[in-house]
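Visitor: using only what follows, build the 3D model:
(2 chains)
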Amino acid sequence: QKEVEQDPGPLSVPEGAIVSLNCTYSNSAFQYFMWYRQYSRKGPELLMYTYSSGNKEDGRFTAQVDKSSKYISLFIRDSQPSDSATYLCAMSPLLTSGTYKYIFGTGTRLKVLA
Amino acid sequence: DGGITQSPKYLFRKEGQNVTLSCEQNLNHDAMYWYRQDPGQGLRLIYYSQIVNDFQKGDIAEGYSVSREKKESFPLTVTSAQKNPTAFYLCASRTTSGHNEQFFGPGTRLTVL
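Guide: Numbering: from 1, shown residues only, chains lettered A, B, ... in the order given. Sure thing, here's the model as predicted:
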C-alpha cells in the first residue's frame, strides 16, 4: 500500500462547478499538508499549506484535513478553465532530526470545461 | 524577483555521459531538494540538503550525486550509472525557520538518446 493515495482522474467538470480533490494516507505521523497545482511541463505551484487538522480558506480554495480519518481535501469553488491542471497533495512528518521529508500523491488531472 | 531557477529547461544526453542540472535560489532558504517526476508516479526524492556542505540521500539516490557548496546553489549530477534517467527533474527549497512550505523551480526535462 502506498503511503499516500490520490485518484489520478481525469476529472472533468463544467465551468462554475465546485471541485473536490482528495488524498488518503496511512502514516499517522504526518502533520504538515500541502496542495500544489501543476500545469503541463511546469513546476508545481504551492496553493495551500495546513498544519494538523481543520480547514483553511484562501479565495476560491479551501483545504480540509481530517487526521482521524487520514483524509485531506481541496475544494475549488466557481471553477474556471484556468484551473485545468494536475493537483498534487503532499505531506510530511516532523522528523526527529528536524528535517522534513515530503511524500507526494501521484496527482489528479482536472479539466474544467468552458 | 525572488525564486528558484533551474537550467537548462531541456537537456539531451547520450548514453554513458554524465550531465549536471543547475538549481539556484535567492529566497535565502536553508533546505533544498531534488525530485524526479515520471508519468503516473508521484514526485520521488533524490537528495536533500538542510545546510551548506551537508546533504542526505533520498529514496532513489543511486546514479545521482549532488553538492552544496553555497546556500544558493544545489546542482544535481546524473551519472552514467543511472539506468533510466529520462524524466522531469524538479528542484525545491524550504525555509527552516517557522513555516515549512516547500517551493519548486520550473523543472528540467532530461532526455537520454
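
Visitor: residue contacts, the residue nearest the centre of chain B?
Guide: Centroid-nearest residue in chain B: B:Trp34, 3.0 Å away (criterion: Cα atoms, centre = their mean). By Cβ atoms under 8 Å, 6 or more residues apart in numbering or on different chains, the contact list for B:Trp34 reads B:23, B:45-48, B:58, B:64, B:66, B:74, B:76, B:89-92. (Each C-beta comes from the backbone N, C-alpha and C, glycine too.)

Visitor: over to A:Gln1?
Guide: Neighbouring residues of A:Gln1 by Cβ under 8 Å, 6+ apart: A:Ser26.

Visitor: which strands or helices does the helix or strand A:Asn22 falls within pack on?
Guide: Using DSSP states H and E, A:Asn22 sits within strand A:19-25. Judged by 3 or more Cβ pairs under 8 Å, 6 or more residues apart in numbering or on different chains; DSSP states H and E, strand A:19-25 is in contact with strand A:4-6, strand A:11-14, strand A:71-76, strand A:85-93, strand A:108-113.

Visitor: residues making contact with it?
Guide: So strand A:19-25 is contacted by A:3-7, A:11, A:13, A:35, A:70-76, A:79, A:83, A:87, A:89, A:91, A:103, A:105, A:108, A:110, A:112 (Cβ under 8 Å, 6+ apart).

Visitor: just the buried members of these?
Guide: The neighbour-count test (16 or more other Cβ atoms under 10 Å in any protein chain shown) marks A:4, A:6, A:13, A:35, A:70, A:72-76, A:79, A:83, A:87, A:89, A:91, A:103, A:105, A:108, A:110, A:112 as buried among those.

Visitor: near chain A, which residues of chain B show up?
Guide: Residues of chain B lying near chain A by Cβ under 8 Å from any Cβ of the partner chain: B:4, B:6, B:31, B:33, B:35, B:40-43, B:45, B:48, B:50, B:56, B:58, B:88, B:90, B:94, B:96, B:99-107, B:109.

Visitor: what about stretch B:38-48, how long is it end to end?
Guide: Stretch B:38-48 stretches 19 Å from its first residue to its last (Cα to Cα, to the nearest Å).

Visitor: got the buried residues for it?
Guide: B:Gly42, B:Leu43, B:Arg44, B:Leu45, B:Ile46, B:Tyr47, B:Tyr48.

Visitor: ok, now stretch A:51-64?
Guide: Using 16+ other Cβ under 10 Å as the burial criterion, the residues of stretch A:51-64 that qualify are A:Phe61, A:Thr62, A:Ala63, A:Gln64.
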